[in-house]
Each structure stands twice: as structure tokens, then as C-alpha cells.
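Pasting the sequence and the predicted coordinates here, then a few questions.
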Amino acid sequence: MARRIRDWARGVARRIRSDNGMTTSEYAVGTIAACAFAAVLYKVVTSQPVMSALQSLLKEALDAKF
């Protein structure tokens, strides 16, 4: 039984390691998705409510009394 489990685990590990990388279309889709995520994140971070919260947080951190 232990041998079957060990052989199964080795087979799974071999399949995981045998990935030859992404194809060109996968790179294209991945790049577009990363750019879209970056654009959404930029819009969120530069929105007025988030900017106000970040400025407030920084002001409190810089005005901290020791």
C-alpha cells in the first residue's frame, strides 16, 4: 500500500514538473489580464475616497507622538 501511494505521489510530481511553459497566446492573455488589473488598481488607488484615506493615514503616522 505504501508503495502505491509513493508511486502515485511521484507520478503527480512528475506531471507537475513537466510543464514546458506557456504558449504565445497564453502570454498574450496573461499580459492583457495583468494590464487590465493594473488599470483597475490605478483607478481605485487614485479615486478621491481612497486618496483621502491614504492621506489621512500618512498624516496620522507622521504626526505620531513618541
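Received, thanks. Numbers count the residues shown, from 1 in each chain.

low-scoring stretches of this structure, by residue?
The model of the chain has pLDDT under 70 over residues 15-22.

Helices along that one, start to end?
Counting by DSSP state H, the chain has these helices, from start to end: 2-17, 24-45, 48-62.

For the last one, enumerate the helices and strands it packs against.
When you say that, I think you mean helix 48-62. Helices and strands touching helix 48-62, by 3 or more Cβ pairs under 8 Å, 6 or more residues apart in numbering; DSSP states H and E, are helix 24-45. (Each C-beta comes from the backbone N, C-alpha and C, glycine too.)

With just CA atoms, put the helix it packs on into CSV.
C-alpha atoms of helix 24-45 as CSV (Å, rounded to 0.1, in the frame of the first residue of the first chain):
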residue,chain,number,x,y,z
THR,A,24,2.3,32.7,-27.1
SER,A,25,-1.5,33.0,-26.8
GLU,A,26,-1.3,32.3,-23.1
TYR,A,27,1.4,35.0,-22.7
ALA,A,28,-0.9,37.4,-24.6
VAL,A,29,-3.9,36.7,-22.5
GLY,A,30,-1.8,36.9,-19.3
THR,A,31,-0.3,40.2,-20.3
ILE,A,32,-3.7,41.7,-21.2
ALA,A,33,-5.1,40.5,-17.8
ALA,A,34,-2.2,41.9,-15.9
CYS,A,35,-2.6,45.3,-17.7
ALA,A,36,-6.3,45.3,-17.0
PHE,A,37,-5.8,44.6,-13.3
ALA,A,38,-3.2,47.3,-13.1
ALA,A,39,-5.6,49.8,-14.7
VAL,A,40,-8.4,48.9,-12.3
LEU,A,41,-6.0,49.1,-9.4
TYR,A,42,-4.7,52.5,-10.5
LYS,A,43,-8.2,53.8,-10.8
VAL,A,44,-9.1,52.6,-7.3
VAL,A,45,-6.0,54.0,-5.7
